[in-house]
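# The sequence and its predicted three-dimensional model are supplied below.
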Amino acid sequence: MFILDQRLQNDTVLIGRLPLCQVLLMNDKRYPWVILVPARNDVFEYYHLSEDDRIQLMKESTLVVEKMADHFSAKSMNIAALGNVVPQLHQHHVCRYTDDPAWPGPVWGHSPAVNYSADELEVRVKELQSLLQQHFVEDLEAEDDAENVVYW
């Protein structure tokens, strides 16, 4: 069974599951911010993924970026995989705007997160689920064995 790093669990909310990745919402209302985490244990770098999984991660990342950029009218999309604090491979997808608090610098380390209220969080989760739902797989507890992944 796939185990999500505790720090990601603490800072995010599960939106759904794509064929390879869990889709998480970062709990910072200043930025539409989604994190993809390949549902593979003991994966810390891209090269730890199989070739098929690397290709699938790129497909899922591209899907998320396209949907978010269009829906949220982002000026720019920041995509990054930083493993300095949370070593589990995870990929950030952050909508950026010229008037956001960190523009034009990176969001990491700029200032503390501003958490969603319960109502705001519910609305944002439903909004993102609506954007991505047709690509979600049903089983959030899917085996982390590559043979069990259904690629689109």
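Sure, I can see it. Small disclaimer: the values here were computed from a predicted structure and weren't measured. Numbering: from 1, shown residues only.
# Wait, a strand at Gln16?
For the record, residue 16 is Gly, not Gln. Yes: the assignment for Gly16 by DSSP: H, G, I helix; E, B strand; the rest coil puts it in a strand.
# and the nearest residue to it once chain neighbours are set aside, what is it in contact with?
Leaving out its chain neighbours, the residue that sits closest to Gly16 by CB to CB, 6 or more residues apart in numbering is Phe136, at 4.1 Å. Just so you know, the C-beta spots here come from the backbone N, C-alpha and C atoms, and that holds for glycine as well. Neighbour list for Phe136: 16-18, 23, 129 [criterion: CB atoms under 8 Å, 6 or more residues apart in numbering].
# CSV for these, including neighbour count, distance to Pro101 and pLDDT?
Conversion of these to CSV gives the following (neighbours: other CB atoms under 10 Å; distance: CB to CB, whole Å; pLDDT from 0 to 100):
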residue, neighbour count, distance to Pro101, pLDDT
Gly16, 18, 28, 97
Arg17, 21, 30, 97
Leu18, 25, 29, 97
Val23, 24, 24, 98
Gln129, 14, 26, 97
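# Pipe the residues you listed into TSV and attach distance to Ser117 per row.
Listed next are the contacts of Phe136 as TSV, based on distance: CB to CB, whole Å:
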residue	distance to Ser117
Gly16	22
Arg17	25
Leu18	27
Val23	21
Gln129	18
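# Quick check: the farthest pair among those residues?
Leu18 and Gln129 (12.0 Å; CB to CB).
# How about the longest helix along the chain, which residues are buried there?
Identified as the longest helix of the chain according to DSSP state H is helix 51-72. Residues of helix 51-72 classed as buried by neighbour count (16 or more other CB atoms under 10 Å): 53, 56-57, 59-61, 63-65, 67-69, 72.
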